[in-house]
Structures are given as C-alpha cells and as structure tokens.
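A.B. asks: Need a 3D model of the sequence below.
(chains A and B)
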Number of protein chains: 2
Amino acid sequence: MKASSSPCRAIGSSPEAVNGYASHPNLLPDPKKERVVILGSGWAGYAFARKLDPAKYERIVISPRSYFVFTPLLASTAVGTLEFRAVLEPVRRAGVAFYQGWADDIDFSRKTIRVEANATDDLSNRPVPLADPPKPEGGATAEGMPRPHPPRPPKGQDRQPEDTAMFDVAYDKLVVAVGAYSQTFGIEGVRQHAHFLRDIGDARRIRLRVLSLFEQCSYPTGSGGGGTPLTQEDKRSLLHFAIVGGGPTGIEFAAELHDLIHEDLATIYPELLPLVSISVYDIAPKVLPMFDQALARYAMDIFARQGIAVKTEHHLQRVRLADGHLGDEHGMLRVRIKEYGDEEVGAGLVVWSTGLMQNPLVEKLVSKSFAAGKGQGEREEESHLLKDPKTGGIVTDPYLRARTTTAAGRTADSPATGVLDDVFVIGDCAVIESLGEGEAGGPPTVALPKTAQVASQQARHLAVQLNAGDAARRAFRYRDWGTLTYLGGRKAIHQSSADELRGWVAWIVWRGAYLTASMSVRNKIMVPVYWAISWMFGRDISRF
Amino acid sequence: MKASSSPCRAIGSSPEAVNGYASHPNLLPDPKKERVVILGSGWAGYAFARKLDPAKYERIVISPRSYFVFTPLLASTAVGTLEFRAVLEPVRRAGVAFYQGWADDIDFSRKTIRVEANATDDLSNRPVPLADPPKPEGGATAEGMPRPHPPRPPKGQDRQPEDTAMFDVAYDKLVVAVGAYSQTFGIEGVRQHAHFLRDIGDARRIRLRVLSLFEQCSYPTGSGGGGTPLTQEDKRSLLHFAIVGGGPTGIEFAAELHDLIHEDLATIYPELLPLVSISVYDIAPKVLPMFDQALARYAMDIFARQGIAVKTEHHLQRVRLADGHLGDEHGMLRVRIKEYGDEEVGAGLVVWSTGLMQNPLVEKLVSKSFAAGKGQGEREEESHLLKDPKTGGIVTDPYLRARTTTAAGRTADSPATGVLDDVFVIGDCAVIESLGEGEAGGPPTVALPKTAQVASQQARHLAVQLNAGDAARRAFRYRDWGTLTYLGGRKAIHQSSADELRGWVAWIVWRGAYLTASMSVRNKIMVPVYWAISWMFGRDISRF
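C.D. replies: All right, here's what the predicted structure looks like:
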C-alpha cells in the first residue's frame, strides 16, 4: 500500500491534525486504504467521489464550493420554476471527507496538494460580483456544463494573501476535475455587466434582476416627485433581455424566461407585456450546432412563434452602462453589435453563455516541471504534463491518466514519453488520446465535447476501474446518449444516434431524464413536487 | 363616492399615468370604488389587504418589500428545516395593486402619500448589511412578530436622494400598518456585528454564518502553509452561539439551532460537537414572560437537558470583532457582559432578538401638524395625531381610527379632540384606547402585546367592518388565542386562557397551527412537504 510512502508534511501525519480529528472516521488516515483526493465538485469530481468504493479507498474532495450543481436545471431555478436547493447536492452528504478551498498547486514528486481555505462564502454570497472590475474569468458556461471551480475572488480586495489559511493534503491517487472557466474573449464590459449562468449564485442574481426590472418599470410615470420618470422607450430597453450564445444553455434560458414572462408575469404586469423582448445573439450562422438541421429549424420556428428573436451572425463588441440615471439608477445597459454599427441596443439584462477557457490551476500545472518517472520504466529527469495545443487542457492516455513529456515543447507534437500513473484527469480540463495509437510520435487527441455527459461518463468509468483495482484495466470510450434541449411552452427537442424527438414528447423525456441522472433521492422527490406546485400555482415570484 | 374628491396630483389622475397603465385593471382608477391604500405588508397590512373586498374597494399596497413573511417559521428557515420561500407570500399574488417603496410622508389634508420607490432589492440583496455602520435601526424583532418595514438603506451611500424616484398616491381610506423597528438600546456594536431575525434576508445570513463557522473550524490545524491555525480554544469561541433575548423568537431559534447541530451537523462534523455551545442571555429574571411559571420551568428543564445555557439577569454591554486574524479572517466576536466584568465571552454568532422602537414614519407623523376636522363636527384648525406617551405609537379609537388632538402636547394626557375617520392604524404602530371611555379627558389606552396575533385580529376586524360599509359599526376587541413556543427535540409549550399543553402534543399543535394561519395554499402544501423531507433526509446543509 502506498499511504505509508506519502510525504509526511500533510494532513493525517502531524500530531495536531490527528488530535483535532480523532473522532472523525472519514478524516482519520487509514493505513489500510489508499487515499484518493478529488479536486472539484462538478459533474466529473462529484460523480467520481460518489461512485468510488469507500471500503477500498479513503475519499477526500477539495473544492471551493460545498455542493454539486445540477446545471441542466439551473435555468429553471433562475425563473422560479424550481427552488435553488433542488438542484444542489451538498458534497458532504456523499459521505466523503471534504475541504472547502482552491487547490493552489500540486507537487507531483511529493504527491501533495497545497490548498487555500475558503469557508467564508466569498463566492456565492456577494450580491454583484460581476461589478468587481478585477475579477478573473469565470462564472458561466456555454453549454450548460458544470465547472467545479467558480471564479476566484480577487485577492487583495476581500482577502489578503498573508491572512489566507493554506494547508497541504497528501494523496496516493489524485483526480483532477477542476473544469474550465468562462471565456469573455476580452470583450469590453462583459465581465462587469453581463451575467453568467453557471453557478447557483448566478441563477439567483439573474432571478432578482429579472423581477426587479419588472418592478422598476411598474411605477407610475406621470406623477410628481423627484427622480426622472422612465419613458415607454426606456421601459422597452430595460425589458429587453439579451442572451449571448446560442448553445443549449442560452436557448433554454431564453425559453424558460419566455415561459416565466408569459405564464406568470403577464397576469401581474399586463401593461408591461407589450414592451418585453428577448433576443439570442450568436456569431455562428446557426444556433444549437449539436442538433441536425431539421431539429434546429423546428426550434427556431418555435422561437419565432414565441417572439424570441434569434440573431445569428451577430457579433457583440461591447457592453456598457447607459449614461445618466438610466444606468446609475436602473442599471440599463447599452450593447454594441458589430452588424448595427454605432447604434447601440438597450437591455436590462445581458446573459453571457458562450466560451470556455482553462482553469488557472490547469495553466499552472502544464507549465511547471517536476521530477518523475520512477517505477514506470522512465528516466529520472525533469518532466512536464503534456498540454493539448488546441484547448490548453491536460492530455491523458485512454485510461484517463495524465500524460507527461520530457521535451521542452510540452505539446502534443512533442513525444509523450510517459504517464503519471496515480494522477487522473477527467471532465472539461482533460483531453483524451485516441485509442489504439502508439505512444511514440505524439498520438492524436480526441476532441470530446465539454459536456456534463462526457464528464460523468469519465467519472463513472474511472471509479469502476479503480474499484476493480486496476486503472489500466479498460480504456475509456465515450457513448453519446443524445442531447436534449427545452424550447419553452412544454416543447423540447431530443437527438441521439438512434432517434430524434420533438415537441411535448421530447419535453416529457427532458423532464424524465433529469430524474434518472446524478441526483439525490431527496431532489428526485423535490423536483417533481416543485414542477407540480409551479404548474398549479404558478412560478415563485418573491424577490429576496 | 369619495374618489372624485381626491387631490388630482396623484396616480390615476395625470394623463401619463393613465396612459402607462391603461391595460392594468388593478391600477386603473375606478370612480365607482373607494381607494384604500395600505402601508405595509406584514401581519397587519397583508392580512387586511387580502381580506378587504375587491368588489367594493380598490386596494393598493405600498411596502418596501414585495412579500409577506410568515415570521413564526423564520427560525426554521435559518436552520434549513424549511425553504426560505415556504414562509414568503408575494404581495402581488393577493391580487392587489402594489408599489414597492417606502411611504415617506402623508398629507392628511390632501389625502396623499408620498412614496419613495425601491425596486432594486437594496434591502435584501446585500450580503452583510449589518456591517454598514450608518445603518438605521431595524431588521429584527423581539417576539417573532413581523414588521412591514425592514431597515432603510442609508441614503447617500447606495442611493443619492436626488436620483430617487418619488411619486404620490392618493387615497380615500388609508390603513397605516408599518410596524416597528428593532431597538438596540444604543449598545455598542450590536448594529454592526449582531444578526437580527426578522426578515428573510436575516434568516439567510444567519444560516450561511452558522454553516460557514462549522466549515471554518473543520480545516486541519496542524499542517503547514500560511495563515494562523485555529486552536481548540478558538474553535470553542467560534462555535459559541449567543442569543440575546429570551422571548419566543430567541428561545425558538436556540431550539432550532440545537436540533440542526445535534441532528444534522453532528454526523458531518462529529469532531466539532464537543466544542459547540448555545447561550441565551436575558436581562429579566425569567425568560418566556408570557408563559406561566410551570411552563417556563418546563422549558428551562428541556433546555438544561439539551445543554443550552439560559443566562437570566445578564446584561450585554458591547459586541466587537476579536483582535487580529480571529476577527478579520474568521469574524470572531467578543461580547462583554456586565456580570462578567472585564472578561469577554467569545462567540461566532450573536443573534439579537429583543427590543422594538417606532418606525421613523410614525415618528414623523406624530410630530407634524395638518388642517383637519372638516365634516366631523370639529373646528377647522391645526391638528396633530395623538401620540401614546409610553410607546410612541399612534393612538386610535376603539374602531382603529387615528385619534387627533389640537392641543400642543399631543400626548394621551391632552384631550383627544377628534378622529381622522378615513385613517386607520393597525398592528405594532397602533395603541388602542380603552373601550367605553368618554372622549374628553384623554381616555386610557390598552397596551396590547406587539404580536402577530394582535395585528392579524385587528386587520381582520377592520376589513370585516369596511366590507360591511361602516368602520364604526363594531369596536375592536382582542381575543387571546394562546401562545405556542417550540423548544427543540419535537417538544413545545402551549398556553391559553382555556388550557395549557407541553411536550410533543404541544409540538403537534405548534405544527398544526401554522397550517391554518395566514398562509397560501401553495405554502400549506409545501411546509409539510419540507417537514417530511427534512425528517427523512435531514435538514438542508448546502451553503449558497
């Protein structure tokens, strides 16, 4: 067993740590079990941690957030169909040991992770983190995929680095499942003024903003008093909801927002309904690229009937606050679209759901060197993780183990000379080699979509192999189970290699699919309860 | 009808207003109906608005928050037994017209209310409003009573007065139900560092703080890295939960917190359990003053068995942040208690649930003069609202109409010379005259408790009289339906004039009582669902 060969600087080794945690079975080092540390609590990390056999392994999850988010239903929480908590699964409920924090660095030679503690809810408890200019990338996704690492709060603003508690955690096996961050392509104002839709905090902020916009536009305009009254044109701008990105996340949010407005807000603010508009912008000539032409056209027909404008081949160039009281007091935004020239589009809310970039930890890992190779038939020399040149992700072999190279280039073009056989990479930060290729000459990698499906299949595959005692027992093979997207008005589309569905039948499948996926029994009960309650009494419209 | 005699400066009179709201039946002035404007959405205002017959009256609610809070269950939401939204009722769902904002002033002569708009969720969307030093009083209650007006955000900080949208609303009849604010008695640090428990935002902040404290104390202490590790003594301080005020709110919160810790957190953080303590401080010699000696002693016996320390005749003198990283990084508090001298008590959370003061609007109203008396057999001269000298509330006649006086003193000692027969005051800001007293010579007032029960009985009474067409048809008479308090571990106490109950029988009554009170059908379904889910799967522990 390898636990005894772990470096002794970390948890479970120092007398204080043992003393402090003497009563906690999960945290007590068990020399009979290998310790598997999982970085991330998204689709990859959380599913893997749940599936890994606790009788065989000691499981420790490290993640900056204490829960897993069931991302496909996030848009439903943003419009009040579902309660926020119905799409959350607390990591600790899975019975694993858990440290809330960011993995700051990994020492592959000494098999130790440096962790920065984060228990103060910096991430999620801020009302408008998007307004912080120095915020790093992160917070939303293109395709409804989960990312285990929400944006890291800017250091030096809320936290002082010297105050931050850091500690080390040793591992026998390591699973890197830290996901990706949102990419804004450096477009001015996106990070400050747009909302992402990746974490529960994003959903809550979007929800409050949508309801607040209706409230703001509901005040009487003509009567006396201070302040500048809103004109009908101002209200039209504030009630314009702009969604950037025509992937499933953007399309489903547009659909759910349409349902909220037309099924619930219409009875409360009937006078505002003629002023509302929803637009989806995408730079591609076609939205929903993962669906075939017929289904995508069906989706566009439904959107057209619902009055949702889908603007393909439109390039967003800037988002800014409107001048004067409209920006200061009402938060009105002005969006510049390349195709419209200098004429800006007004909006009350911009939701950004396009683009991904690598997690900073991944960037750090692929650019550092370490001594490796002992015991795997390799030379004891400086080694590096192999970086995928296209995506910046970490290349793995077909068994999901991190690839290493001793070449200076550290790209897929350089020879992949080895493998870290105790370090696994799954989910969005992993790029897998093609099956059956030789090791020399840089095997081509497979560009799997960065989706929840891929992440959870990898998680399951890896857990099954490790539970069987041999990671290299069977190579990973992705199976496309099909794609589902909700279109509003109880209609959806479903496409897989076997069949395709559209309309309310697909909607039934869409709802049913969620009940079978990675969800606790509690939420398998609660989600249908909320659906029933929302159907009977309308969506929840309370703002708090 | 009186609508036509309203001043014409306000909503429904100006062409723009009519134009902007032409399609909204609720907001269109109906000359055949009297307009009743209700200030506040708490137990008094919300219940009255729901009960008032829409076929006879046009109903407009004005409140800074868009929902009614079912306050007796607020403590349950703070510990995750219930979902936040299960104790909220959106005001607009009651079918009334609604303006979100603060009533800034009332012109009784012209029958007009000046309203300051508040649609930007200033109140509830701030993460730590208690940390804002210039914040005015407000945010929590002594006895689980709702107050319609949460603390007003400090002007000039987030909002600039000149930017604030103000508008006027005319009324035919006015119901003042603005409630009271929390009172901190000027004790240093309470407003900055203690949590109130009055609104849903308070419950959410308390919940996040409790869970975050356990998370902070769960990190390994002995291993390397920056930051200063917490000692066992530090953790003992951080896991000390101090509750100030031994009324039902404080006692029920202590009981619910004990259940959360011992039923749910105990399995997740077993190593921290020996470090946890809960204390209830009260200046009186006895807690739960509304219960008789035997029931209060029973409650104390239960608390003693649960290890909750009840410290009567203890005077809190100051709350401050601990020095150094314990305060800065972990938010540890130091509480000075008079009886302990200079030795301060450490705490991770202080919940303040004692003391009430008048709403600033009430203070403004009782100190201003206006021309009144026409048509009620009085002289046309400067008049004032009659102020109760003990509580500062507005004195009403037995029909809940606001009392006026022309004397300079404007107290109950000065003669109550008249009544504003279209202005009603109910709930915590009202002080009712004794029944059957003559009008001259200052009739004694009845000090009814400031409870949800009194407020909702007054609301119901007034609505029934107005629906019958005559406010002075029948005098208000309070009926004590008894008091219920939850004590933890599925035990409660119940006391009324007829009987008293204790133990699990009272707990069943406690739960049952909530399902019959001022709650929508939606929440009447959801609350038992949450109870069942929490019972089966444990309380929700996700932090977001």
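A.B. asks: Would you tell me what the next helix or strand after the strand ranked longest in chain A is?
C.D. replies: Taking DSSP state E as the criterion, chain A has its longest strand at strand A:97-107. Downstream of strand A:97-107, the next assigned helix or strand under DSSP states H and E is strand A:112-117.
A.B. asks: and that next one, which strands flank it?
C.D. replies: Strand pairing for strand A:112-117, determined by DSSP bridges: strand A:97-107 (antiparallel), strand A:166-170 (antiparallel).
A.B. asks: Let me have these in TSV, adding mean pLDDT as columns.
C.D. replies: Shown next, in TSV, are the strands paired with strand A:112-117 (pLDDT from 0 to 100):
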stretch	mean pLDDT
strand A:97-107	93
strand A:166-170	90
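A.B. asks: need those strands in TSV with mean neighbour count, can you?
C.D. replies: Glycine gets a C-beta too; all of them are placed from N, C-alpha and C. Formatted as TSV, the strands paired with strand A:112-117 follow (neighbours: other C-beta atoms under 10 Å in any protein chain shown):
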stretch	mean neighbour count
strand A:97-107	22
strand A:166-170	23
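A.B. asks: rewinding a little: could you dump the longest strand of chain A to PDB, C-alpha only?
C.D. replies: Taking Å, rounded to 0.1, in the frame of the first residue of the first chain, the C-alpha atoms of strand A:97-107 are listed here in PDB:
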ATOM      1  CA  ALA A  97     -14.200  14.000   3.600                       C
ATOM      2  CA  PHE A  98     -14.300  17.500   2.300                       C
ATOM      3  CA  TYR A  99     -12.100  20.600   2.400                       C
ATOM      4  CA  GLN A 100     -13.600  23.800   1.000                       C
ATOM      5  CA  GLY A 101     -10.900  25.700  -0.800                       C
ATOM      6  CA  TRP A 102      -8.900  26.100  -4.000                       C
ATOM      7  CA  ALA A 103      -6.100  23.700  -5.000                       C
ATOM      8  CA  ASP A 104      -3.400  26.300  -5.400                       C
ATOM      9  CA  ASP A 105      -0.600  24.000  -6.600                       C
ATOM     10  CA  ILE A 106       0.300  20.300  -6.800                       C
ATOM     11  CA  ASP A 107       3.700  18.800  -6.100                       C
END
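A.B. asks: Any idea which helix or strand in chain A has the lowest mean pLDDT?
C.D. replies: Ranked by mean pLDDT, DSSP states H and E, the helix or strand of chain A with the weakest confidence is helix A:15-20, at a mean of 34.
A.B. asks: Just the mean pLDDT for whichever helix or strand comes after it, thanks.
C.D. replies: Downstream of helix A:15-20, the next assigned helix or strand under DSSP H and E is strand A:34-39. The predicted model assigns strand A:34-39 a mean pLDDT of 97.
A.B. asks: Render the CA-only coordinates of strand A:34-39 in PDB, please.
C.D. replies: Extracted as PDB, the C-alpha positions of strand A:34-39 are listed here (Å, rounded to 0.1, in the frame of the first residue of the first chain):
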ATOM      1  CA  GLU A  34      -5.200   4.300  -0.400                       C
ATOM      2  CA  ARG A  35      -6.100   7.900  -0.200                       C
ATOM      3  CA  VAL A  36      -7.800   9.300  -3.300                       C
ATOM      4  CA  VAL A  37      -8.000  13.100  -3.400                       C
ATOM      5  CA  ILE A  38     -10.500  14.600  -5.900                       C
ATOM      6  CA  LEU A  39     -10.200  18.200  -7.000                       C
END
